[in-house]
Every structure is written in C-alpha cells, then in structure tokens.
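J.: here is the input, now give the coordinates:
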Amino acid sequence: YFLFEEALTVLFLTVVLGALLAGIILVVPRLIKKPLSSPRCVALWCTASVQILVATAILWSLFPRYVDKQQLISDLDHAQTVMEDIHPDLYANIDKDQFQIALSGIKAGLPERVSEVECLKTFHRMLALIKDGHTCVAMESYTKRGAILFRQEPPYMFHIEGDKIFVQKGYYARNQIPVGSEIVRINGKPAAACLSEIEKLISFETTAYRNSVLSLPFVWGIWNDYGDFEYSYITPQNEEVTEKSTGKLFANLSLIKDVIGVKNSFKVIEENIALLDLRAFEGTEEFEALLENSFSKIKEKGISDLIIDIRHNHGGATSLSEELMQYIARSEFRSFDLSLVKISNDLHARITVNIEKYPIGTLVDEELDMVPLRDNSLRFSGRVYVLTSGSCFSTSLDFPAMVRCYDVGLLIGTETGGRTASFGSPQGVAMPATGVEIMVSRKQFVNPCDTQSESGLIPDYLVENSITDDINQVDRTMEFVIELIGKKRGVINP
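T.: From the prediction side, this is the model:
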C-alpha cells in the first residue's frame, strides 16, 4: 500500500514549504533591518532539513511491515485467552466450538509471511465472530504512524439500503461519483457480494449499526487491502459508468475532518426552537461548559422546544450523558438497570480485588443507585426531541434510552445501532508480537425500563432520508421534527 503518487504529491508540497521558509529567512533581515549570518546558507539548510524530515516521515509511515505466520497465530491465541478472561460472556452470540472451528479456518488460510494490513484484517475476521460492537480492533491500530492519512480508501460516505450501496457524499477532487449514484460493482464484484464479504470484518450487533459502519470508508480500505478501487455505478440520470476513484491524503484529511472534526454545538434555529448538536459525549470540561452556556441561553430566550441531535454520535462517557440529564430530567434517573462487571485476572492485576469474596470469573452486580436531581436553576421544562440513527451506539444509545424510560421527551429518526442489552466499557489490550491493539468488553449492561431487547432502540417516530433527499441535501428528520413542533404548538393543523 505504498502510495508512490501520493508520496510525490506530499514531497512536492514540502518543496513549496521549504521555498516559503527560505523566502521568509531571506526577507526577514530586510524587514527588521538586522542582518543574519549567511542568510542564504541558513535558508538552504532549513529548506533541506524540512524536506528530509517530511520525506523520512512518509517513508517510515508507509513502508510495508511483515510478521511470521506463527507470530500472528500466537497473537490470535493470546487474544482469545485475554477475551475469555475479560469478557463477561464471550460466547453469547456464537457457540465456542463454532468459534474455534472458524478461528482454525482463519489460521489455516494465512501465508507464511503476513503483512501488517493482513494482520489487521485477520483480527477483524476473528473479532467479528463475537458480534459485540465494543469487542473490536482499536482505532489506534489504524492511526499509528499516521498511516491512516496515506492509505487508499473510498473518498465517499455511503448510504446502505439492504444489499444496495449509494453514494451519500464525496471527498474526491477528480473522477467524483455523483451523489445519489448506486454502486453496482466494486472491482468487478457485485455490490451484494461485496457487502456479504465486508460484514465478516465488522463487529456489530444490529443491522442498523452494520449499515452505519459501512457508511464510512475505513473498513472498506482494509477489505480491499488498501488497493485501488474501480466502481461501476448508475448515476441519478440512469447512466452506467465505470471508473477508478480512490481517496488518498487530501480526500482522507477532508473525510476525517468531517467525521471527527465537527465539535458539539448549540444554536437557535427558529423562533423558540433550540438545537443541541452532540457529536460525542467527550471532553468533560468543554462538554459541561457547553451545557451551561446552552441552557443559560435557552432560559434567557424563553425557548420552549429543544432538539438534541445525536445522529452522528458514537458514544463516550456515561457521566456526560448523565450530566445532560441533569438539565432535562424531571425525576431521578440512572443509565442502567443492570451493570455486571467481570472479575478477571486483568482487572485483578490493575486494581485490588478481594479474590476470596469475588473469585476470578465472577460477575458482580454494581447495584447502581438512582441519580438524584441536584439543584439546577437552568433545568429545562419545555418539550425535548432526540434525533437518533444507526450510528447511535454505546453512550449515544444509553442517553435516548434514559429519555424514553423517564419520560423526558420523544425519539425521532431511525433504530439505534446499539442494543438495549449489551456489553461495553471496553479494555484495550496490545498484542505482544504484532502490536495490534484490540478492545474487549468487560461489563454487561441492560438499559433502564428494558427487558433485554435484541434490537436497537426504536424511535417514537421513524423518519429516514431517502437517496433523493441526499441528492437534494434535504434533512427529512429535521424537517419532520420542526413540523411536529408546529403541530404541538397549534401553529400547523394536524
């Protein structure tokens, strides 16, 4: 996956950067009217240093790395041992014998010399068997050495409907596939076959979450061994086109900025309607400051209806979702009716555990108390609407579950990606031979007011964008909730 073309692009930019640096060094003495010793020599050395450092960083990031087959097999065995130790119920969704047979097949198909990419792919295959969204390959395995910036991935956001793939958004400067186009083949393989293959690399619990993961390009890149992508697609004008379209550095940067670079925000969108757009329950100080500022404005402006959009939120800290509840709940609450933690060798190594009282392998009920409402002059008493999607997972599932259970507001959108009875609170574990880091669930949860449903949380109003909506940049869910607010106010006739 060494991207020669992209490396040349970056090297060209370093030459430009070096030239700018040289120009600054040569111009500054004239501006400040103080000579530098040998300014041309200094400029030359600075330029050369920048170019050498950047070139070295690119080569170090992208140079292929390999491990022996036996090293990888040793790590797979180690991962299974660690998961059996930490996970509350590792074989809840697959029989252990079936898992062992599948893992043996994965091992048998390995070459004698395994690339770093194939290592990642192998761990994906293994962990996908568990069907637990929190037990997966850690993001650190993708981001180390900055390789995620240079690897080839689809420069698109996808919309998955059944066994069909549509382009929802593009990030490519050339050979851009039009938004709304249906991808019918990738590298000559039918779209349905591609989806069938790639879902074997995903740790997912519901179809909604599977579709959410597949809407992003990251797993598509590893599925294709970070090679070139050739798409055959049907445009919205019903024309069939085949062409190559592969994202590299600049497309990857744009996409990453779009996925994780958008911060939590608040704004008033219409008269007496506020929107709290939460992309993650992360960053305690910043999150708490946002809530205080937001609800201060809500009180100041006399806002009667609050929309909380968590459709692009993949989770975060439970404590922050509970902090938000302090502003909108009418009664005491809790995130889970049941929270079981497994006493493992790993846990015992990190904290002091009374082994006599809690032997290794014991599931201990944390017996969570209800969280009382504290005095809060900014508590909101108006109507609350929470927008959900298949991306809602972990804490971004727990929050709407509390909203429903404690009658705080209405849920609008699509089924959540996470299940209301699930595993979570994962522990990161690095493999000794390959360096691959995996996440392993160490707790088992049941959300409040739930009876261990096998599906995600179903909203009160099911609303989803169509491909036509995506083409026309229409947010059908947002339009629906604003219309619903109008009806409840009596502004719009039902």
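
J.: can you tell me the centre-most residue of this structure?
T.: Centroid-nearest residue in the chain, with CA atoms, centre = their mean: H314, separated by 5.7 Å.

J.: mind listing what that residue touches?
T.: Counting by CB atoms under 8 Å, 6 or more residues apart in numbering, H314 makes contact with 280, 391, 393-394, 396. For the C-beta atoms, the positions are set from N, CA and C on the backbone; glycine is no exception.

J.: equivalent analysis for I165, please.
T.: Residues near I165 by CB under 8 Å, 6+ apart: 158-159, 182-183, 191, 194-195, 214.

J.: do C449 as well
T.: Contact partners of C449, counting by CB under 8 Å, 6+ apart, are 337, 401, 404-406.

J.: and the furthest pair within those?
T.: Greatest spacing in the contacts of C449, by CB to CB: D337 and R404 (13.0 Å).

J.: which residues of the stretch 351-494 of the chain fall in helices?
T.: In the stretch 351-494 of the chain, the helices defined using DSSP state H, counting those that start in this stretch lie at 395-405, 467-471, 476-489.

J.: now do the stretch 1-150 of the chain
T.: 4-32, 39-62, 69-86, 96-108, 116-128, 140-143.

J.: next, the buried residues of the fourth one.
T.: If I follow you right, that is helix 96-108. For helix 96-108, the neighbour count (16 or more other CB atoms under 10 Å) marks 99, 102-103, 106 as buried.

J.: just stretch 113-133 next, same as before
T.: By neighbour count on 16+ other CB under 10 Å, the buried set for stretch 113-133 is 114-133.

J.: neighbour-wise, which of the contacts of C449 leads?
T.: The member of the contacts of C449 surrounded by the most neighbours (other CB atoms under 10 Å) is A401, with 25 neighbours in all.

J.: that one - nearest residue in space that isn't next to it in sequence?
T.: In space, not counting the residues next to it along the chain, A401 is nearest to N447; the distance is 3.9 Å by CB to CB, 6 or more residues apart in numbering.

J.: quick one: pLDDT of that neighbour?
T.: pLDDT, N447: 93.

J.: burial of I467, as a residue count?
T.: Quick note: I467 (other CB under 10 Å) scores 18 neighbours.

J.: H159 is in contact with that one, correct?
T.: Yes. Counting by CB atoms under 8 Å, I467 touches H159, with 6.4 Å between them.

J.: now the common contact residues for those two.
T.: By CB under 8 Å, 6+ apart, the residues touching both I467 and H159 are F166.

J.: residue ranges with poor pLDDT in the chain?
T.: Under the criterion pLDDT under 70, the flagged ranges of the chain are 1-52, 54-55, 57-63, 145-148, 173-175, 249-250, 451-453, 491-494.

J.: quick check: the gap between the closest residue to K131 other than its chain neighbours and T135.
T.: Of all residues not flanking K131 in the chain, N93 sits nearest, at 3.9 Å (CB to CB, 6+ apart). To T135, N93 is 10 Å away according to CB to CB, to the nearest Å.

J.: and the two? Which one has more around it.
T.: More neighbours surround T135 than the other of N93 and T135, with 25 against 14 (other CB under 10 Å).

J.: follow-up on the earlier one: so which of the helices of the stretch 351-494 of the chain is the most packed in?
T.: Comparing the helices of the stretch 351-494 of the chain by mean neighbour count (mean count of other CB atoms under 10 Å), helix 395-405 ranks first with a mean of 25.

J.: starting at the chain centroid, how far to that helix?
T.: 18 Å (CA atoms, centre = their mean, to the nearest Å).

J.: repeat for stretch 370-378
T.: 31 Å.

J.: can you mark which positions in it are buried?
T.: For stretch 370-378, burial by neighbour count (16+ other CB under 10 Å) applies to 371, 378.

J.: start to end distance for that stretch?
T.: Chord length of stretch 370-378, first to last residue, is 21 Å (CA to CA, to the nearest Å).

J.: list the contacts of it.
T.: Contacts for stretch 370-378 (CB under 8 Å, 6+ apart): 292, 295-296, 298-299, 322, 325-327, 329, 331-334, 379.

J.: ends of stretch 107-125, how far apart?
T.: Span of stretch 107-125 from end to end, CA to CA: 11 Å.

J.: and the contacts of it?
T.: The contact list for stretch 107-125, computed with CB under 8 Å, 6+ apart, reads 1, 64-69, 72-73, 76, 79, 106, 137, 141-142, 200-203, 219, 222-223, 225-226, 431, 434, 436, 438.

J.: and E415, how many neighbours?
T.: Per other CB under 10 Å, the neighbour tally for E415 reads 21.

J.: correction: the previous question concerned C136.
T.: Using other CB under 10 Å: C136 sits among 22 other residues.

J.: wait, doesn't it sit right on V436?
T.: No. With contact defined as CB under 8 Å, C136 does not count as touching V436 (11.4 Å).
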